[in-house]
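In: need a 3D model of the sequence below.
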Amino acid sequence: MAFSTLVVAAGSGARAGDGDPKQWRRLGGKPVLRWSVETLLAAGSAPVVVIIAPGAEARAAAALGGLQGWRAVPGGATRAESVRAGLAALDASPDDIVLIHDAARPLLPPDVIDRLLAAIEGGADGALPVLPVADTIKRGTDGVSTATVDRSDLWRAQTPQAFRAGRLAAAWANWPAGQTPTDDAAVVEHDGGRVALIPGDARLMKLTYPEDFQMAEAFLQRQTRVGSGFDVHRWGPGSSVWLCGVEIPHDQTLIGHSDADAGLHALTDAILGALGDGDIGDHFPPSDPQWKGAASDRFLMHAADLVKARGGEIVHVDVTLICEQPKVKPHRQAMRERLADLLSLPLDAVSVKATTTETLGFTGRGEGLAAQAVATIELPR
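Out: Numbers count the residues shown, from 1 in each chain. The predicted structure is shown next:
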């Protein structure tokens, strides 16, 4: 079913904290604005008109980079002015269906869109998703309850709200000057229109206060991924060795282009593997002189930052060092603490173990050291 959408993203979002308008803040690794625009485009909205504050064109382009079928329009000082600016830019025919959505409601389920379109096709002048009011509602003044409100016919309104373009334009033309509607359904209701209530969704919450972002993160569906890594370095002349970010005195050192910390290299590859993002050599080529002698914690932090950029988190890591010497057990706690600090993990989410090969193979002959690692991460679906 053909439709177009106005996404209102011109507000300052001051109550959300952080000093940055909430539509540009990140939720699950993506700008808040991008969540609903992606959903609307996937549902077939053509086009999606994003109403932004004047001068925010570059931010919109960055937030929606790579998406096709949207365009930005500068809004006004109020939401009503922004909607009117969007409708003028849309230039829709009277029978076209138009959805109006707040960018501050990023987790838009596609089935809500389907129900809105069905209501308009069924003859309603407008439609909006609603949730029943579950809590007891009180009236009160000066901190004292004065009455209990009957909530049997009360509903919590959400967006998007759907209308025929011509019906909405006529309602706006009849709206009293100087008054500010709370939403677009109120404009059509005031003009005598029949606005249908369709089932909303709790995930379609509005981000208003700082704690709302935490709740929205909890709503995100996540997938658990596990990656593995393996690394080997040979022994050479030296007086210490780096393992899992800890320097250990030893009569040899591991030879490599960087500091040859096999434990961190294996763990970095495990995280990259869980992301499906290549291996350590793709990100830090050994042929590049800038990485000669580099501390391997830089590689690990790069992998951790990639997880964070995708809205994910590392939940557990496990490293096994395979060698005859040096003895790892005296340093194991320091290694765990170092990894926990680098990855911002609780200590019980970090495991470091050591084993030998009973003098078998290159590690048993003392020719080199091997490390294997497993990383468990969670990413938004």
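In: going by C-alpha atoms from here, please, whenever you check contacts or count neighbours.
Out: OK.
In: if I read this right, R381 contacts F219, doesn't it?
Out: No: in this structure, R381 sits apart from F219 without contact. The criterion is CA atoms under 8 Å, and the distance is 11.2 Å.
In: what about these two, which has more around it?
Out: Between R381 and F219, counted using other CA atoms under 10 Å, the more crowded position is F219 (14 against 11).
In: per-residue pLDDT, the more buried one?
Out: According to the predicted model, the pLDDT of F219 comes to 84.
In: give me the pLDDT for the nearest residue to it once chain neighbours are set aside.
Out: Of all residues not flanking F219 in the chain, R203 sits nearest, at 6.4 Å (CA to CA, 6 or more residues apart in numbering). On pLDDT, R203 comes in at 92.
In: likewise G11?
Out: pLDDT, G11: 77.
In: need the contact list for it.
Out: Applying CA atoms under 8 Å, 6 or more residues apart in numbering to G11 gives the contacts 21, 52-53, 78-79.
In: and it, helix, strand or coil?
Out: Taking DSSP: H, G, I helix; E, B strand; the rest coil as the rule, one finds G11 in the coil state.
In: quick check: phi and psi on the residue nearest to F219?
Out: Dihedral angles phi and psi of R203 (degrees, to the nearest 10) take the values phi -70, psi -20.
In: and it, what is it in contact with?
Out: 107-109, 216, 219.
In: show me which pair in those residues is furthest apart.
Out: Across the contacts of R203, the two members that end up farthest from each other (CA to CA) are P109 and A216, 13.3 Å apart.
In: follow-up on the earlier one: now, of the contacts of R203, which are buried?
Out: Applying 16 or more other CA atoms under 10 Å to the contacts of R203, the neighbour count classes 107-109, 216 as buried.
In: which one among those residues gets closest to T146?
Out: Closest approach between the buried ones among the contacts of R203 and T146, by CA to CA: A216, at 33.5 Å.
In: tell me which helix or strand the closest one sits in.
Out: Secondary-structure element containing A216, defined by DSSP states H and E: helix 210-219.
In: what residues of that helix count as buried?
Out: Of the residues in helix 210-219, those buried under the neighbour-count criterion (16+ other CA under 10 Å) are 213, 216-217.
In: coming back round to it: ok, the residue nearest to F219 to I248 distance?
Out: Plainly put, R203 is 51 Å away from I248 if you go by CA to CA, to the nearest Å.
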